[in-house]
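Participant: predicted structure and sequence below. I'll ask about it afterward.
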Amino acid sequence: MDAITLAPFGELPAVHLTAADGAEAIVTLFGAHLVSWKSADGRQRLFCSAGSALDGSRAIRGGVPVIFPQFNERGPGMRHGFARVSDWALIDSGSVAGGAFAVFALEPHDLSDERAAAWPYDFALRLRVEVGGADLAMTLEVENCDVAPFSFSSALHTYHLVDDVAAVRIDGLGQQPLAIGDTRDEIFVGVAPRLVLHSGAGTLQLEQDGFTDAVVWNPGAANTAAMPDMQDDDYKRFVCIEPAVIEPLTLQAGETWSGRYRIAPSSIP
Ligand SMILES: O=P(O)(O)OC[C@H]1O[C@@H](O)[C@H](O)[C@@H](O)[C@@H]1O
């Protein structure tokens with residue numbers, strides 16, 4: 001099996017990565033959006049809604065949306081930014097020891113005139129996705145190609161697939177393990193570089209570097225019922241834990257920021 005193949009996901013062009021050990025990932029060019037990640041044991045690790053639009057008409061509900069240059073509605077631009085609804089380019093791919101990787105890029109010429117005018121900076125985003133064994137690694141680079149500084153927020157809005165959100169506990173975000181309750185939408189500023197997600201069915205180590213913050217989100221029953229792209233019970237099946245930079249970070253001309261995220265499932269109970 002080739003490490004990299006191209007085949008649609010819904011109506012969206014997508015890159016399929018297959019590692020020698022059987023780990024797999026699917027990334028749509030729309031959003032450089034990781035929509036599926038299976039560890040080498042064949043287990044799906046990400047929630048992606050069966051009700052999601054998969055035609056480019058709106059952001060995909062699930063997987064790992066790339067949030068840039070604005071978080072949520074904290075600014076004058078598009079909610080969660082334009083990166084998740086823009087068409088990225090595949091710029092590199094292949095095999096590495098025990099894994100398969102692909103790199104995607106987004107630059108101003110990929111944006112519509114309207115979006116480029118609304119965020120008028122010269123920039124380059126690069127997202128590297130690598131799978132192998134039981135691990136997923138994602139690195140987001142933001143390069144300021146402009147002659148002036150710009151500021152941005154960013155997140156990798158990861159929808160972890162869980163058996164039952166009521167069993168979820170997250171270590172590393174306070175003195176006590178964090179439970180989700182009826183609903184949760186919370187920003188944690190200045191988090192430890194390693195969180196642990198206990199989902200009842202197993203344990204995930206979540207490591208982040210460069211991303212200083214983390215967001216935990218689950219919409220709960222009532223909000224989910226009101227969302228057009230989720231089934232009523234879907235809130236039970238995921239928790240979003242998002243490595244993030246919430247307070248806008250300023251990059252000087254010529255500078256590059258990078259944020260790394262690694263998820264390593266573990267059998268530790
Ligand atoms: O519906 P969207 O735009 O994908 O956002 C989903 C959620 O994303 C989270 O990151 C936010 O903290 C929530 O407030 C928001 O509701």
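Facilitator: Perfect, I can see it now. Residues are numbered from 1 along each chain as shown.
Participant: show me where the stretch 151-269 of the chain has strands.
Facilitator: For the stretch 151-269 of the chain, applying DSSP state E, counting those that start in this stretch gives strands covering 158-161, 169-171, 184-188, 194-198, 203-209, 213-218, 238-251, 256-266.
Participant: most tightly surrounded among these?
Facilitator: strand 158-161 (a mean of 23; mean count of other CB atoms under 10 Å). Heads up, the C-betas are built off the backbone N, CA and C, glycines and all.
Participant: hmm, it touching the ligand?
Facilitator: No - using CB under 6 Å from any ligand atom, strand 158-161 stays clear of the ligand, with a minimum separation of 9.7 Å.
Participant: so for that strand, mean pLDDT?
Facilitator: Mean pLDDT, computed over strand 158-161, is 98.
Participant: low-confidence ranges in the protein?
Facilitator: Scanning the chain for pLDDT under 70 picks out 1, 267-269.
Participant: any idea which residue of it lies closest to the ligand?
Facilitator: Nearest residue of the chain to the ligand (CB to the nearest ligand atom) works out as W217 at 4.2 Å.
Participant: residue contacts, M138?
Facilitator: Contact partners of M138, counting by CB atoms under 8 Å, 6 or more residues apart in numbering, are L34, V64, L127, R128, V129, E130, L156, R260, Y261, R262.
Participant: give me that answer again for 6 Å
Facilitator: M138 makes contacts with V129, L156, Y261, as judged by CB atoms under 6 Å, 6 or more residues apart in numbering.
Participant: quick one: H33 from G62, how far?
Facilitator: Distance, H33 to G62, using CB to CB, to the nearest Å: 9 Å.
Participant: now the residue nearest the centre of the chain. Nearest residue, chain neighbours left out?
Facilitator: The centroid of the chain falls nearest to V64 when counting by CA atoms, centre = their mean (2.8 Å). Excluding its sequence neighbours, the residue lying closest to V64 (CB to CB, 6 or more residues apart in numbering) is L34, at 4.2 Å.
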